[in-house]
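sharing a model that was predicted from the sequence below.
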Amino acid sequence: MPLYHYSCRKCGPFGAWRRMAEAASPCACPACGALSERALAAPGLNLMNGSLRGALARAEKTSSEPRVVSRSELGSLGHHHGAGHSHDPSRRWMLGHQH
């Protein structure tokens with residue numbers, strides 16, 4: 001059940017856990033019992049630390065695409081092969097784990 005926000009004319013804002021089917025219906029104020037209309041609430045994105053928000057935006061932007069690296073960077077990525085392990089040059093897209 002989601003948490004919905006309501007506003008009582010007498011007591012002010014309050015939250016109530018309700019079924020989605022009941023979301024549009026007025027809700028009784030827990031303090032005075034008056035039927036209250038649902039209030040729209042903005043997400044708290046502005047409460048997030050700016051550097052964290054930037055990091056999440058970068059991660060989301062690149063989550064569906066691989067990082068592009070140069071050949072010289074491939075050696076520094078920490079991927080090492082044992083003896084007798086080689087890459088098939090016809091499968092350039094397959095950078096490892098062939099046996």
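Received, thanks. Numbering: from 1, shown residues only.

and the next element down the chain from the biggest helix by length in the chain?
For the chain, the helix with the greatest residue count under DSSP state H is helix 50-62. Moving toward the C-terminus from helix 50-62, the next helix or strand (DSSP states H and E) is helix 71-74.

for the longest helix of the chain, give the mean pLDDT please.
If you average the pLDDT over helix 50-62, you get 79.

check which helices and strands that helix sits against.
Applying 3 or more Cβ pairs under 8 Å, 6 or more residues apart in numbering; DSSP states H and E, we find helix 50-62 packed against no helix or strand. Quick note: C-beta positions are derived from backbone N, CA and C, even for glycine.

list the buried residues of it.
Residues of helix 50-62 classed as buried by neighbour count (16 or more other Cβ atoms under 10 Å): none.

next: stretch 8-21.
By neighbour count on 16+ other Cβ under 10 Å, the buried set for stretch 8-21 is 8, 14, 16, 18.

now swap in stretch 32-51 and tell me
Across stretch 32-51, burial judged by 16+ other Cβ under 10 Å covers 36, 38.

start and end of it, how far apart?
Distance between the boundary residues of stretch 32-51 (Cα to Cα, to the nearest Å) amounts to 43 Å.

what's it in contact with?
4-11, 13-14, 23-24, 26-29, 53, 56 (Cβ atoms under 8 Å, 6 or more residues apart in numbering).

doesn't residue 13 make contact with residue 31?
No: Residue 31 is not in contact with residue 13 according to Cβ atoms under 8 Å; the separation is 11.2 Å.

contacting residues for residue 13?
Contacts for residue 13 were tallied using Cβ under 8 Å, 6+ apart; they are 5, 6, 7, 39.

check residue 7 too.
13, 14, 36, 37, 39.

out of these, who's nearest residue 60?
Closest approach between these and residue 60, by Cβ to Cβ: residue 39, at 28.8 Å.

nearest residue to the closest one other than its sequence neighbours?
Leaving aside its sequence neighbours, residue 39 sits nearest to residue 7 (Cβ to Cβ, 6 or more residues apart in numbering; 4.2 Å).

could you point out the helix or strand that follows the helix or strand where that neighbour lies?
If you go by DSSP H and E, residue 7 is part of strand 3-8. Using DSSP H and E, the next helix or strand after strand 3-8 towards the C-terminus is strand 12-17.
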